[in-house]
Each structure stands twice: as structure tokens, then as C-alpha cells.
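**Student:** Return atomic coordinates for the entry below.
(one chain, ligands or ions: 1)
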Amino acid sequence: VVEHAMSAHFELVRGAAVVTTDPSALDLDVVHGWLSERSYWQRGVSREAVERAARHSLPFHLLVAGAQVGYARVVTDRTRFAYIADVFVLEAHRSSGLGAFLMQGVLAHPDVAGCRQVTLATEDAHGFYARFGFAAPTRPDRWMELRRP
Ligand SMILES: CC(C)(COP(=O)(O)OP(=O)(O)OC[C@H]1O[C@@H](n2cnc3c(N)ncnc32)[C@H](O)[C@@H]1OP(=O)(O)O)[C@@H](O)C(=O)NCCC(=O)NCCS
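**Tutor:** Numbering: from 1, shown residues only. Just a heads-up that it's a prediction; the model follows:
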């Protein structure tokens with residue numbers, strides 16, 4: 001594992017796999033394609049919306065041999081709050097530790113590691129996130145949301 005702390009972008013390397021925040025690594029065809037066609041939470045999302053959300057978030061690109069195979073983005077003030085969204089690994093690349101490697105990169109980023117409130121929402125991947133310390137909110141009565149379907 002190599003961390004390039006001096007480079008402008010965060011990067012974590014493991015063999016042929018890389019997690020990077022370099023915006024030039026974004027393959028919008030892959031990320032928009034998967035989110036719009038395969039995800040349960042952003043089905044039908046426009047290319048413009050995916051690009052805009054990436055631009056205003058801290059996006060993490062998972063590459064294998066230079067090709068994007070996974071993605072996650074963090075909505076954050078880089079101080080206290082971080083919300084992790086749009087996490088995926090392409091089907092063909094699953095079950096070999098790449099999702100965990102992606103999450104390891106996200107949580108190791110200095111601007112995320114310093115946040116004391118890191119949240120996410122998931123329909124069925126609780127077991128996956130539990131490995132990184134995520135659990136149901138301890139005080140759900142304090143949380144509110146405004147839903148706009
Ligand atoms: C969740 C996801 C990113 C994991 O990627 P991955 O590369 O397969 O992850 P890893 O290889 O590091 O770990 C796989 C393990 O995570 C756990 N896991 C993966 N998905 C899970 C889920 N939905 N529920 C519970 N555990 C899950 C399993 O233990 C799995 O082991 P297995 O492959 O032997 O079954 C990937 O399955 C994915 O993209 N899923 C669809 C999108 C999604 O649900 N994203 C999260 C939305 S909040």
C-alpha cells in the first residue's frame with residue numbers, strides 16, 4: 001500500500017488496483033452507465049446530474065489496470081461531516097476485495113478521516129459497511145429528513 005501524501009490528489013495503490021481522487025480518472029460512461037442502468041437508487045439519472053454531483057463532491061475512482069471499475073463520492077465540509085454516496089464496484093470485479101479497498105481509500109483520505117460524523121444510507125449492504133465500523137444510528141430520534149420523491 002502506497003500513499004502519495006505529497007501529490008495533489010489522494011491515491012492508494014494495491015497491485016494493479018488504485019483508488020484515486022484525481023478528477024481526470026473519472027470515466028463518466030462507466031459511472032453514469034452503472035448508476036443510471038444498474039443502481040436501485042439513481043436509476044435513470046442523467047449524465048449531467050452524475051457529472052454535477054461528482055464535481056461538487058469528493059469523488060473516489062477505483063481503477064484496475066487503468067480502467068475504472070468502481071466509484072464512491074463523499075459530500076463533505078472536510079472538517080466535521082461526511083456523507084458517502086454512490087458506492088459501487090462493477091459486477092465483473094466483485095468479491096475480490098475491491099469494494100473493501102475502495103472504502104479503505106475513502107476512509108483514509110485525510111479530509112474524511114478527520115470527520116467525526118460519517119454517514120451513509122444503504123438498502124442491503126449493512127454487512128459490507130459494518131466491517132468498517134458503520135452501525136445503525138445510536139440516536140435515531142435525533143435524525144430527521146426531508147424526503148422529496
Ligand atoms: C457493495 C459492493 C460495493 C461490494 O463490492 P465488492 O468488490 O464485492 O466488495 P468486497 O469484495 O470487498 O467484499 C465483498 C463482501 O462484502 C459483503 N457484501 C457485499 N455486498 C453486500 C450486501 N449487499 N450485503 C451484505 N454484505 C455484502 C459480502 O460479505 C461480500 O462477500 P462475498 O463476495 O464473498 O459474498 C458491491 O457489491 C456493489 O457494488 N454492490 C451494488 C451497489 C451497492 O449496493 N452499493 C452500496 C450501496 S449503499
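
**Student:** going forward, measure contacts and count neighbours with C-alpha atoms only.
**Tutor:** Will do.

**Student:** Show me which residues of this protein sit near the ligand.
**Tutor:** When proximity is defined as CA under 6 Å from any ligand atom, the chain approaches the ligand at 87-89, 94-100, 121-122, 124-128.

**Student:** What subset of these is buried?
**Tutor:** In terms of neighbour count (16 or more other CA atoms under 10 Å), the buried residues within these are 87-89, 98-100.

**Student:** out of those residues, which are inside strands?
**Tutor:** Per DSSP state E, strands hold the following members of those: 87-89.

**Student:** Pipe these into TSV and attach pLDDT per row.
**Tutor:** Output for those, formatted as TSV (pLDDT from 0 to 100):
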residue	pLDDT
87	98
88	98
89	98
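
**Student:** these two touch, right, residue 85 and residue 118?
**Tutor:** No. With contact taken as CA atoms under 8 Å, residue 85 and residue 118 are classed as non-touching, separated by 11.0 Å.

**Student:** In TSV: the ones in strands among the buried ones among the residues of the chain next to the ligand, plus distance to residue 63.
**Tutor:** Rendered in TSV, the data for those read as follows (distance: CA to CA, whole Å):
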residue	distance to residue 63
87	14
88	12
89	10
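
**Student:** Tell me the one of these nearest residue 108?
**Tutor:** Comparing those against residue 108 with CA to CA picks out residue 87 as the nearest, at 15.7 Å.

**Student:** Now do the same contact list for that closest one.
**Tutor:** Contact partners of residue 87, counting by CA atoms under 8 Å, 6 or more residues apart in numbering, are 70-73.
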